[in-house]
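>>> A structural model of the following input is requested.
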Amino acid sequence: MKKILLLSANPFKTTRLRVDEEMHEIREGLRRSKQRENFVIETAQAVRYRDISRAILDHEPNIVHFSGHGEGEQGLIFEDETGQPKLVKADALARLFELFADEIECVVLNACYSEVQAKAIAEHIPYVVGMNKAIADQAAIEFAVGFYDGLGAGKSVKFAYQLGCNSIEIAGIPERLTPQLLSNVEAIETQNNNYTTSSALDIWKERLNEFQKQEAIAADPAVLFQLKKQIEACQEKIEELEQQEGKISFKKKQSDHYIERSPIEQRCYQELLTNGALIRVKAAEKMGKTLLLEQLASFAQQQNYKTVYLNLFQPENSILDESSQFLRWLCKRVSRKLKLPDEVDEFWGDLSPNTDCTDYFEDYILDELTTPLVLQLDNIEQIFTKNSAFDFFSMIRSWWGMRHKESWKNLRLILSYSTEALPKLPIHQSPFNVGLEIKLPEFNQEQVMKLITSHNLHWEPENIDKLMIMVSGHPYLISEGINYLVNYPDSKLDDILEKAHTEEGLYAAYLQHHWSILEQDKELSDTLRQIVESEQAIAISPKYSYILEKMGLICQEGNQVKPRCQMYRLYFQERLKTLTW
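As a prediction, this is how the structure comes out:
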């Protein structure tokens with residue numbers, strides 16, 4: 001799956017270009033192509049100079065296409081905050097694309113005199129197209145149509161480029177030599193291959209040195225975080241090559257296989273930079289909530305923030321059920337995680353537990369810290385039905401309400417939970433209608449492909465389709481299937497899928513865990529039976545929707561529900577027949 005990002009800029013006081021027509025023609029050409037399922041198109045129009053990196057971070061494209069104006073050595077023309085022209089020079093663009101060299105494989109600069117910028121970018125990107133002189137509006141459109149028609153037919157970038165030039169000629173426009181294709185594939189492959197030679201090590205060390213120089217002067221936290229990730233990748237590649245030279249086996253860490261669900265991560269990073277931020281992460285079990293929290297903690301630590309992660313599966317039910325005990329536990333755990341002396345007894349007195357807890361955070365924990373604190377509370381659904389729920393969540397809402405006060409600016413809260421069935425709270429006392437809400441979706445086909453590629457596997461699109469038909473885009477189920485094939489390379493995907501819904505299949509233990517819960521509850525089992533036997537989404541009691549959604553067995557369609565994936569339907573159709581109440 002290839003993602004194409006179409007950027008355009010046509011500021012005030014510049015010649016009007018038909019950029020909308022160009023984008024429309026590109027979309028239509030790919031929509032009609034035989035390879036259309038292999039392309040996703042994202043657009044960003046009236047692009048300001050600072051929007052370039054943001055758009056790439058948000059969309060993670062493989063191909064970047066720019067439509068607009070160029071002024072040769074002076075730069076490409078983008079917009080400033082007022083819509084006026086803003087020139088961006090070749091060196092700056094080259095350094096930007098170097099940051100994304102592992103993701104972007106082709107850049108098309110459909111703008112006059114853009115060969116200067118293309119040459120600079122081509123030092124880091126395999127294929128770059130630029131214009132060696134001014135190009136007429138219609139010629140630019142004809143080139144774009146031919147180029148993407150070629151890609152849509154499954155042809156190479158070189159063939160697509162030649163088809164684009166030919167399209168200009170067929171249209172009767174004498175500018176077929178204006179577009180220039182710059183290819184640096186051989187040099188870039190030398191940098192990216194796992195060679196164990198000193199030259200490869202030198203290349204990676206040079207890249208590391210350059211990224212570290214850019215890190216030293218970077219100001220934007222999101223760009224800084226991206227640079228740090230590039231630095232870590234270089235350091236790991238250097239370690240891998242050095243270990244290979246010494247004949248030492250090397251395996252990727254599990255964290256290397258984290259798949260971003262853009263733009264979720266970037267939205268969270270930006271929110272964490274906000275005083276008094278509150279982020280609510282919602283998804284079913286095993287959808288990747290905790291992994292996202294780890295990514296956010298990593299980002300926070302790179303900003304020199306303090307981080308505390310607490311999992312509400314840890315405390316006993318007796319603690320969760322009583323407000324004073326639970327809030328004392330919260331204060332004690334945060335103190336210990338921050339390596340602060342436990343002063344809870346000094347603050348707990350005749351006032352309410354909410355007041356005592358609030359005072360402890362305001363007058364002790366936050367007062368002791370000189371940098372922001374990111375407090376992550378995972379699996380907070382554990383207290384949704386407890387007696388402590390009302391006090392705790394109304395307190396969290398009151399903390400958010402004080403975010404503009406000096407003493408509370410440094411607190412950032414992240415709440416993670418696995419159900420739509422929220423505790424009933426007055427609107428003005430609920431934290432579930434404020435802050436940034438993040439709903440973690442399933443993986444799409446492109447993200448599954450990235451996960452497969454991160455394991456050095458190569459799948460045809462039809463194999464990805466087969467896996468997703470059986471387990472949908474459920475991150476855990478997808479990962480389990482891929483990991484099995486990595487660990488047992490002689491295994492076949494078709495064999496895994498054939499037995500996926502059976503007691504001898506790969507997912508047997510996972511399915512049996514859910515079955516052990518269902519077979520103890522007649523009403524819950526009867527409800528799931530109705531769901532898996534129906535070909536359409538159906539309405540069920542909110543009580544059972546809460547439980548089944550938390551387990552990850554169903555997904556919502558408006559006010560109705562259906563099985564999350566085909567495997568659940570097949571497995572539970574058979575298992576539920578065995579129950580005799």
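>>> contacts for stretch 207-223?
Applying CB atoms under 8 Å, 6 or more residues apart in numbering, the contact partners of stretch 207-223 are 53-54, 57, 95, 98-99, 191, 224, 227-228, 230-231, 234-235, 238, 266, 269-270, 273, 303. In short, each C-beta sits where N, CA and C put it, glycine included.
>>> In helices, which of these appear?
Mapping the contacts of stretch 207-223 onto helices (DSSP state H) picks out 53-54, 57, 95, 98-99, 191, 224, 227-228, 230-231, 234-235, 238, 266, 269-270.
>>> for the stretch 201-350 of the chain, which spans come out with low pLDDT?
Counting by pLDDT under 70, the ranges of the stretch 201-350 of the chain that qualify are 201-204, 206, 219, 222-224, 226, 239-256.
>>> run the last query once more with 90
Scanning the stretch 201-350 of the chain for pLDDT under 90 picks out the ranges 201-258, 262-263, 284-286, 302, 313-314, 316-317, 349-350.
>>> would you list every one of the strands in it?
Applying DSSP state E, counting those that start in this stretch to the stretch 201-350 of the chain gives strands spanning 278-282, 306-311.
>>> Out of these, the one nearest N463 is which?
Among the strands of the stretch 201-350 of the chain, strand 278-282 comes nearest to N463, with 30.8 Å by CB to CB.
>>> in stretch 506-520, what counts as buried?
Neighbour counts over stretch 506-520 (16 or more other CB atoms under 10 Å) mark L506, Y507, A508, Y510, L511, H514, W515, L518 as buried.
>>> got a list of what the residue lying closest to S335 once chain neighbours are set aside touches?
Here the nearest residue to S335 in space, its sequence neighbours aside, is D342; by CB to CB, 6 or more residues apart in numbering that works out to 5.2 Å. By CB under 8 Å, 6+ apart, D342 lies in contact with K332, S335, R336.
>>> How about Y507?
Listed by CB under 8 Å, 6+ apart, the contact set of Y507 reads V471, L477, E480, A500, H501, M567.
>>> Next: A120.
A90, D91, L93, A94.
>>> what's the spacing between the first one and E123?
Looking back up the chat, that one is A90. According to CB to CB, to the nearest Å, A90 and E123 sit 10 Å apart.
>>> Of those two, give the one with the bigger neighbour count.
Neighbour comparison, A90 and E123: the larger count goes to A90, with 21 against 15 (by other CB atoms under 10 Å).
>>> wouldn't that one be in contact with Y113 here?
No - using CB atoms under 8 Å, A90 is not in contact with Y113, being 10.9 Å away.
>>> Apart from its chain neighbours, what residue comes closest to L579?
Using CB to CB, 6+ apart and skipping residues adjacent in sequence, the residue nearest L579 is S525, 5.9 Å away.
>>> Give me the packing partners of the host helix or strand of that neighbour, helices and strands only.
Here S525, judged by DSSP states H and E, is contained in helix 522-533. For helix 522-533, the elements it packs on are helix 508-518, helix 542-551, strand 560-563, helix 566-576, judged by 3 or more CB pairs under 8 Å, 6 or more residues apart in numbering; DSSP states H and E.
>>> burial of Y49, as a residue count?
Residues lying near Y49 (other CB under 10 Å) number 18.
>>> Now L340. Its backbone dihedrals?
phi -100, psi 150 (degrees, to the nearest 10).
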